[in-house]
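Participant: can't give you the sequence, but here's the structure:
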């Protein structure tokens, strides 16, 4: 019997999780209303797709499984409407973004839950500092070996995902100089980082079993890796993204992951070995610090006799051009064109937040306007 069976799922289907901020309408600090908001969601069936998180100023929205980006966008729009109706009943607002600009971690309340209280007891103050907000993207796969390959191959594109989603320039009331300060908070956990360079699911099961016997982990949830396999869902989960300020950007990130997965698994351009992650931390830092203006480095290989260092902006455009071969419908063509436009124009939620602060000189206003952006925005860009 398998130690950790991998549930086969339809290849390249996608789903997303969005961790969202609940803010009061007095000063737009975090509101501790997650329990009441969940109870207020109508229709009731949607409550199954909305989850409580570590602290009570946040809530998680979970999409269904999708083959097309326009279907994902339609569902996110419907779920947003339900959340907004519930929030209005409680006189609170909801916002995207990777970190609240001025909340104080010590004031946050742990959500009543056996697991959350256990984590608070284990990790101490780190549990409350984990009041940061990310988008997780799941890509469906048929087996564990493919999941491990994609887990590693996706890591080469972590700078793209961080730069495209970066929306946490402010933290604890100050400008951090980072595009994504959230990235640094996540790294504090002992089981953060990257998966071991295993490529066979049977080897990963042995590794998992050893850590369970040592009492280091109890389930896959205990791995806070940037990218991890989720065998119970039959997916690989990308966990490096800030929650964007709009659901449109969330859908675009999901489509980008889907297109990347088609290419990476059909052509398998990388050899996974012990040297694979040598430059990973540097590249990740550049994306978190500078967004699309950062630079990433690539080691020399058989195909590339000299090392390469290029801007994240140029690397993203090159990858988007390559992915044109893998689009399957008009919605994906539109999404790819939109991503190309975002890259060309260096559009960034982090820069929007900084620009708004320069105009308003008030972080409360930044949160008020960003919540309005998430709750009410009607984009001129359509997926169909």
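Facilitator: Looks like it came in fine. None of the values given here were measured: they were computed from a predicted structure. Residues are numbered from 1 along each chain as shown.
Participant: Would you list the phi and psi of residue 227?
Facilitator: The phi and psi values for residue 227, taken as degrees, to the nearest 10, are phi -140, psi 130.
Participant: residue ranges for the strands of the stretch 1-150 of the chain, please.
Facilitator: Remark: strands assigned in the stretch 1-150 of the chain by DSSP state E, counting those that start in this stretch are 14-24, 50-52, 58-62, 92-95, 134-140.
Participant: With mean pLDDT as extra columns, can I get those strands in CSV?
Facilitator: Putting those into CSV (pLDDT from 0 to 100) gives the following:
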stretch, mean pLDDT
strand 14-24, 98
strand 50-52, 95
strand 58-62, 97
strand 92-95, 98
strand 134-140, 98
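Participant: With distance to residue 111 and mean neighbour count added, can I get these in JSON lines?
Facilitator: Every C-beta, even on glycine, is put in place using the N, C-alpha and C of the backbone. Rendered in JSON lines, the data for these read as follows (distance: least, C-beta to C-beta, whole Å; neighbours: other C-beta atoms under 10 Å):
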{"stretch": "strand 14-24", "distance to residue 111": "12", "mean neighbour count": "24"}
{"stretch": "strand 50-52", "distance to residue 111": "5", "mean neighbour count": "17"}
{"stretch": "strand 58-62", "distance to residue 111": "9", "mean neighbour count": "22"}
{"stretch": "strand 92-95", "distance to residue 111": "16", "mean neighbour count": "23"}
{"stretch": "strand 134-140", "distance to residue 111": "17", "mean neighbour count": "24"}
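Participant: will you turn these into a markdown table that also has distance to residue 146?
Facilitator: Listed next are the strands of the stretch 1-150 of the chain as a markdown table, based on distance: least, C-beta to C-beta, whole Å:
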| stretch | distance to residue 146 |
| --- | --- |
| strand 14-24 | 15 |
| strand 50-52 | 27 |
| strand 58-62 | 23 |
| strand 92-95 | 36 |
| strand 134-140 | 10 |
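Participant: Which among these is found nearest to residue 337?
Facilitator: Distances from residue 337 to each of the strands of the stretch 1-150 of the chain were compared using C-beta to C-beta; the minimum, 18.7 Å, belongs to strand 14-24.
Participant: elements contacting that closest one?
Facilitator: With contacts taken as 3 or more C-beta pairs under 8 Å, 6 or more residues apart in numbering; DSSP states H and E, strand 14-24 sits against strand 58-62, helix 69-90, strand 92-95, strand 134-140, helix 247-267, helix 363-376.
Participant: and the ones you listed as CSV, adding distance to residue 188?
Facilitator: Below are the helices and strands packed on strand 14-24 laid out as CSV (distance: least, C-beta to C-beta, whole Å):
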stretch, distance to residue 188
strand 58-62, 18
helix 69-90, 29
strand 92-95, 24
strand 134-140, 14
helix 247-267, 24
helix 363-376, 23
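Participant: what's the closest of those to residue 163?
Facilitator: Between residue 163 and the helices and strands packed on strand 14-24, the shortest separation by C-beta to C-beta is 11.0 Å, and it involves helix 247-267.
Participant: all strands for the stretch 251-384 of the chain, in order.
Facilitator: For the stretch 251-384 of the chain, applying DSSP E, counting those that start in this stretch gives strands covering 295-298, 308-311.
Participant: quick one, which of the ones you listed is packed in tightest?
Facilitator: Of the strands of the stretch 251-384 of the chain, the one with the most neighbours on average (mean count of other C-beta atoms under 10 Å) is strand 295-298, at a mean of 18.
Participant: mean confidence for it?
Facilitator: Mean pLDDT, computed over strand 295-298, is 93.
Participant: I'd like to check what contacts that strand. Which residues are they?
Facilitator: Outside strand 295-298, the residues within contact range by C-beta atoms under 8 Å, 6 or more residues apart in numbering are 159, 279, 282-283, 286-287, 304, 307-312, 315.
Participant: what helices or strands is the worst-scoring helix or strand of the chain on mean pLDDT leaning on?
Facilitator: Of the helices and strands making up the chain, the lowest-confidence element is strand 308-311, at a mean of 89, by mean pLDDT, DSSP states H and E. Using 3+ C-beta pairs under 8 Å, 6+ apart as the contact criterion, the neighbours of strand 308-311 among helices and strands are strand 295-298.
Participant: Adjacent strands (with direction) for the strand it packs on?
Facilitator: Strand 295-298 has the following sheet partners, assigned by DSSP bridges: strand 308-311 (antiparallel).
Participant: Of the strands of the stretch 1-150 of the chain, which is nearest residue 363?
Facilitator: Nearest of the strands of the stretch 1-150 of the chain to residue 363, taken as C-beta to C-beta: strand 14-24 at 11.6 Å.
Participant: just the angle between the closest one and helix 69-90, please?
Facilitator: Relative orientation of strand 14-24 and helix 69-90, computed by axes from the mean of the first three to the mean of the last three C-alpha atoms, to 10 degrees: 20 degrees.
Participant: Quickly note the distance from the closest residue to residue 17 other than its chain neighbours to residue 31.
Facilitator: Counting by C-beta to C-beta, 6 or more residues apart in numbering, residue 136 is the residue found nearest to residue 17 once chain neighbours are left out, at 4.2 Å. For residue 136, the distance to residue 31 under the criterion C-beta to C-beta, to the nearest Å works out to 23 Å.
Participant: I figured residue 164 was touching residue 340, is that so?
Facilitator: No. Counting by C-beta atoms under 8 Å, residue 340 is not a contact partner of residue 164; they are 11.7 Å apart.
Participant: Please say which of those two ends up with more neighbours.
Facilitator: Remark: of residue 164 and residue 340, residue 164 carries more neighbours, 26 against 15, as counted by other C-beta atoms under 10 Å.
Participant: Leaving out sequence neighbours, find the closest residue to that one.
Facilitator: Here the residue nearest residue 164, using C-beta to C-beta, 6+ apart, is residue 253, at 6.2 Å.
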